[in-house]
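Undergrad: Quick one, fold the following:
(4 chains)
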Amino acid sequence: MKTVMGIINLQEDNSLIRDLTARRAVESIPFAGRYRLIDFTLSSMVNSGISCVGVMLPDKPRSVLDHLRSGKDWDLARRHDGLFYLPAPQQEDMNRKGDLKNFYHNLDFFEHSSQRYVLLTSGSFVYNVDFSQLLRFHQNTNADITMVYNTATEEAHGKNVVIETAENGLVTDIAEKPAVYDGTQVSTNVYLMEKRIFVEMIRYTYEHGGQDFLIDGIIRRAAEYNIYGFEHDGYVAHVDSTAAYYKANMDILQPEVWEELFMGQHPIYTKVKDEVPVQYKETADVKNSLIANGCIVRGEVENSILFRGVNVAEGVKIKNSIIMQKCDIQEGSLIENVICDKNVIITKEKWLKGAANYPLIVTKNVVI
Amino acid sequence: MKTVMGIINLQEDNSLIRDLTARRAVESIPFAGRYRLIDFTLSSMVNSGISCVGVMLPDKPRSVLDHLRSGKDWDLARRHDGLFYLPAPQQEDMNRKGDLKNFYHNLDFFEHSSQRYVLLTSGSFVYNVDFSQLLRFHQNTNADITMVYNTATEEAHGKNVVIETAENGLVTDIAEKPAVYDGTQVSTNVYLMEKRIFVEMIRYTYEHGGQDFLIDGIIRRAAEYNIYGFEHDGYVAHVDSTAAYYKANMDILQPEVWEELFMGQHPIYTKVKDEVPVQYKETADVKNSLIANGCIVRGEVENSILFRGVNVAEGVKIKNSIIMQKCDIQEGSLIENVICDKNVIITKEKWLKGAANYPLIVTKNVVI
Amino acid sequence: MRKTECLAMILAGGQGSRLGALTKKIAKPAVPFGGKYRIIDFPLSNCANSGIEKVGVLTQYRPLELHNYLASGSAWDLDKKDGGVFILPPYAREKGAEWYRGTADAIYQNLNFIDLADPDYVLILSGDHIYTMDYSWMLDAHKMNKAEATIGVIEVPWDEAPRFGIMNTDKDGRIEDFEEKPAKPKSNLASMGIYIFNKNFLKKYLEDDAKDETSSHDFGKNIIPKMLADKARLYSYAFDGYWKDVGTIESLWQANMDLLQDVPPFELNGDWKIFSSNPSMPPHFVGPDAKIKNSMVSEGSMVLGEVENSVIFPGVRIGKGAKVTNSVVMPSTVIRENAVVDYAIIAQNCEIAEGAKVAGEKGAITVVAEGETVESEAGSKQAG
Amino acid sequence: MRKTECLAMILAGGQGSRLGALTKKIAKPAVPFGGKYRIIDFPLSNCANSGIEKVGVLTQYRPLELHNYLASGSAWDLDKKDGGVFILPPYAREKGAEWYRGTADAIYQNLNFIDLADPDYVLILSGDHIYTMDYSWMLDAHKMNKAEATIGVIEVPWDEAPRFGIMNTDKDGRIEDFEEKPAKPKSNLASMGIYIFNKNFLKKYLEDDAKDETSSHDFGKNIIPKMLADKARLYSYAFDGYWKDVGTIESLWQANMDLLQDVPPFELNGDWKIFSSNPSMPPHFVGPDAKIKNSMVSEGSMVLGEVENSVIFPGVRIGKGAKVTNSVVMPSTVIRENAVVDYAIIAQNCEIAEGAKVAGEKGAITVVAEGETVESEAGSKQAG
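TA: As a prediction, the model looks like this:
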């Protein structure tokens, strides 16, 4: 996998998840008690043996830079290769929209690197994929481009890239669709191709007026390439809306999903915080929940996820909720169907309740 | 020095040095054969024991990010503290100019850090300063703010911040002046102060319409603070114009300056390249020059600086010139008073000559 | 190596035989403690937090496993260009190698390492204690006193004093007299086994001691009394926080239980962080029928049964209906359905079979050694 | 430790006594070579470039200095979470420690390290050679041949063959026969001392060999012949680049001189970079009256005099009027005004006084040992 350069494109449209992304990129939304979304893609790359990863910085780069830092926690603080930050282009190009211009303005970085292949990903997916199998598949099929897809098991709405494949994996159609059904083959926005194909595609498409990598680079030019689909049959979630975010978190409460994502041979790395183990006190009562280190629990918690360093005081009841880092839930408060962003303080005896399919969101640093 | 946070402000006006900064920040201009300007400030910080450094990214951050990477080569790829990138604020604030807004938008970073002091620097100075002496001076004088200055030894023109001090070091006047003379006390744009003073200054000044840290934060409010001047009596150069850049490079050809900056107890670190030692061939003839590893020399070189990986073919004569990384000077060419930016190829038997006080600049990647 | 102001040397060389089954496969400094740490995390984190960047760890047993745990020292941020953690087992010289013959001999055999680091001061630490301490304050005191040696001391209950090295000091803290395990102690200031020496001063005494064939080459028994006899400037430095020897099964168990107090005797999570090599595991999962009380539980564990008054390390599985009480369960151990664990320390990678019982009692903690399986009938283990 | 596919073990344990004065203060693998490198940079860089991330370095002498040079391995990018460079001196066990008794014994004594790393293949390298080689190709060949052992071989001139271990192979490269230093070689394929073994296969032979008291515990003399006698699948892997033993003063000097050819025999600066611990020094300074020809000069040096046919390491000072010809000058040495150095190797931190002369001759290179001062009259040193 030394021949593969990973790219994580953090330029996603995040209009559907605005509450949680007011001050951060979608890829750095806290997830599953101690992670950020980008950890899943980045760890999959590292575990697959990729040691050169370029991160296309989003418009609000601060939260991504703060999280990834030197790349050391992902073993990417290296003298050769390692983590590269690719900043968005200057203002002079603001008249063109879409993500293609960001690739175009970083073309020299891709061209100067020594890797033969490019693995293009988005940072807003939850999965744990072994990309070395993808490379083997790509080499065996002699594909120009290989896309990774997952087969949906239930109906879901939201913008998805859907593909159709022949029996040998050859992609026969790619389209953006508003809904998926049981059996639909859904792209994970992961593309593997030789760098020369990638560079040619970006250059030609952008210079001929293209704006969007997927629409103008792939879908419109699909006939020009030999595209194959590679199935990842593990857990996949695309966090592109608040509902998807809430659902994906709740999915982790299924022990099989928790095991598959985190406890297999390939760990998910994240920024290390050195928190102490969870302290359960005399009055604690926790059921069916994920509790991250650094929490102190004196109250009741059910079907919920507590991030690092949350304090749950006596008499508190938390149900079906996601409580992010360093929240302080004080005595006697009742919390149900709520997403608390970081550093929220819920003072004594408050009652917050969202709907099961429409969780209440409490934004960062708020005191209630 | 664990109590001090270093900040390098890369938001300098670089209009006077435009040729070399078309595609890079002034602080990442190659200098003295293997360095970038920012290496001097960063190494001084690291050697003084500072282990938390925030880099205020410039508008063209790519060259800075490429150079500093994870911070590993400066021993700043750390789990705690280490190197932090502070991006420039979003477009919504483009209606306010000056560097104050960048500090203002990163105030939460400063406030959340654990250090007691802030050492504010610019990245465009060439010096090797022991900031731990500065801290001791600052603590002994009980100053609110301590500025580091250098005493000029000759007349020079260009925008400089000039200070006057009483005998005990107390600063009695600060002003921006167009020229300095032998004996003028010139600021190195280094300020040490407690973080609470820094944060208050930024917040108050910006919220009351201030734009520029130096003008609005320091000069206009000088009477409110107890400001002291700390003299650094070693070599100092401020690279704010092409002439200053050329002169500072030529200064390094004085063995005393070379010794003082590089060969003392405190090395200057830079991105490590693993180049081989210089290969002098049979026809080489080199005098009074600095030659960086990776060069292959078959021709004549005099009063010049060759960066890493330069090829000097037979019959070439290079005089009073600065030849940057990976330039290829082919057979029989004559080069005098020239600055060649990176990757320039001078094909056979060309003749390039600038004036002694107005060097000819060949921009990056050009073939002549 | 660049010059270091203060070099720390951690004496982690004891065979740890008092920890019995727990040190069969791992070196004593690597014994797990407190739900996610190892014993050596405490002196190492203290060093890192005190600004000491170069640390030698003297061990005779299983240096490779320790090397592997400490790796480059990056978990403690000790992987600096001129710093780091150095494992120092006794190594072969022209004449072959010998075990360290005592604490002083261990340092003596590594004088070449000390010379290479070239510090002004040498801080000698023991690898057996759990505590958080800022050594830089002790170093400041050492310098202010113009001392040649400074010894960390702590007040112990008078009735326990005969078990310690006891110091008698004048009002400035200068040590007048030192008695190793005195029957009738004149004070209750016990040595913590923490010493700061001026480097050249230490070197001289170590070299003299090495030549003395009657010496048992121990700091407390030989070096310190010799220094005092020479009227050297020895000072005490008083520490009054939590400080616990974890060199025996009972004390290791008790120190774990101390963390479960409603207000723990010392803060693991304050500004003075205890760093540890991180296992990259997710938040632990608590099952629908689990009950957890008065306990610490760490990442990667899955608790489906009951846990009370216990410390659960990363990656532990506790099955449905299982009951773990008053116990310490170390990493990656599996406790299957309906098993019972009480007053026990279960080491790493063990398996307690379905319905099996491991029960000790207060004062007689049962230990299951690393990698063992306790079967449900014959295998159920009693205190001993 | 995570499982490794291929673990490299570098045998750097020889006393290096053939390098005489050069190894008085430093271990042989740390001897400077080629203007900025150390000998061990070559196998380490080869490993890093070949994708081998875990390397054990077996040395008996001065492990601390080597530890210090290699540090965390970050110079070779070998400081990965599950990788790195491990220094393996013979360390004390319950029965005390012994010198490694031979190349095979050195590996045998570190079988616990190999077990911990748990590789499929073990690559054994010698620390005495300068060459650049992609071990991953050799590993591929090993797998394709379904070999149990693969030995790197190189064609040597027929008249030199009697100095080497010589292999006779069939047309597929399977080794039929191996002779250590044969008087009448049947082929000119010499063993490079580079072996890949299947781990369990190697382990079995090492364990058997350790029990054999008549064995000299050497790969070439004992292990390989035993394997061949058992009809094991041993294959050769042919290498045809530059490969030079630098185990003697003359060969070390010659290998340095080889780099001065107009087209050096191997590229130090291509895609296959040789990494080295970097001294953080500026470009070297060439004075107004200097003359430099046919030479290599490295960072941080200041050349005011003449240099011809020589290799100058970092931080060297060559005074006005001094003449350095046909020589190797190692880091931080000072050659003062008007001194003359010819056919010599000057080790680190030496001083050649003003007007002093150090002159050897071809075939009798003079060596000045580390830290020595050569005075101008009495001290001028002659070949010998």
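Undergrad: Tell me the residues on chain A that lie near chain B, please.
TA: Within reach of chain B by CB under 8 Å from any CB of the partner chain, chain A has these residues: A:59-62, A:65-66, A:69-73, A:76-79, A:82-87, A:90-91, A:272. Quick note: C-beta positions are derived from backbone N, CA and C, even for glycine.
Undergrad: what residues does stretch A:236-243 touch?
TA: A:12, A:14, A:16-17, A:19-20, A:26, A:29, A:31, A:37, A:124-127, A:150, A:158-160, A:186, A:188-189, A:244-245, A:247-248, A:251, A:339, A:357-359, A:361 (CB atoms under 8 Å, 6 or more residues apart in numbering or on different chains).
Undergrad: Could you do stretch A:206-220 as well?
TA: With CB under 8 Å, 6+ apart, stretch A:206-220 has contacts from A:9, A:96-101, A:103-104, A:120, A:145, A:161, A:174-176, A:189, A:191, A:201-202, A:205, A:227.
Undergrad: Now with 7 Å, please.
TA: Stretch A:206-220 has contacts (CB atoms under 7 Å, 6 or more residues apart in numbering or on different chains) with A:96-101, A:103-104, A:161, A:174-175, A:201-202, A:205.
Undergrad: Now the element after the lengthiest strand in chain C, going C-ward?
TA: When chain C is parsed with DSSP state E, its longest strand is strand C:189-198. Remark: after strand C:189-198, the chain's next helix or strand is helix C:199-211, criterion DSSP states H and E.
Undergrad: Are the helix or strand hosting residue C:66 and chain D in contact anywhere?
TA: Secondary structure assigned from DSSP H and E places residue C:66 in helix C:63-70. Yes - for helix C:63-70, a contact with chain D is found by CB under 7 Å from any CB of the partner chain, at C:63-64, C:67-68.
Undergrad: mind putting those in a markdown table, neighbour count and pLDDT included?
TA: As requested, the residues of helix C:63-70 next to chain D are arranged in a markdown table below (neighbours: other CB atoms under 10 Å in any protein chain shown; pLDDT from 0 to 100):
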| residue | neighbour count | pLDDT |
| --- | --- | --- |
| C:63 | 23 | 73 |
| C:64 | 21 | 75 |
| C:67 | 22 | 78 |
| C:68 | 19 | 77 |
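Undergrad: Pull out the buried positions in stretch C:229-241.
TA: Residues of stretch C:229-241 classed as buried: C:232-237, C:239 (neighbour count, 16 or more other CB atoms under 10 Å in any protein chain shown).
Undergrad: Also stretch A:253-272?
TA: Quick answer for stretch A:253-272 (16+ other CB under 10 Å): A:253, A:257-258, A:261-263, A:266-272.
Undergrad: cool, stretch A:349-365 as well?
TA: Within stretch A:349-365, the residues scored as buried using 16+ other CB under 10 Å are A:352, A:354, A:359, A:361-362, A:364.
Undergrad: about what we covered before: if any of the contacts of stretch A:236-243 are buried, put those into a ChimeraX selection.
TA: Restricted to buried positions by 16+ other CB under 10 Å, the ChimeraX selection for those reads:
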select /A:12,14,16,17,20,26,29,31,37,124,125,126,127,150,160,186,188,189,244,245,248,251,339,359,361
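Undergrad: Helices - which of the contacts of stretch A:236-243 land there?
TA: Using DSSP state H, the members of those that fall in helices are A:244-245, A:247-248, A:251.
Undergrad: from these, which is closest to chain C?
TA: When these are ranked by distance to chain C (CB to the nearest CB), residue A:251 comes first, at 12.7 Å.
Undergrad: can you tell me which residues contact that closest one?
TA: By CB under 7 Å, 6+ apart, the neighbours of residue A:251 are A:237, A:257.
Undergrad: distance of it from residue A:127?
TA: Plainly put, residue A:251 is 12 Å away from residue A:127 if you go by CB to CB, to the nearest Å.
Undergrad: Residue C:167 too?
TA: 61 Å.
Undergrad: That's all I had, so thanks and see you.
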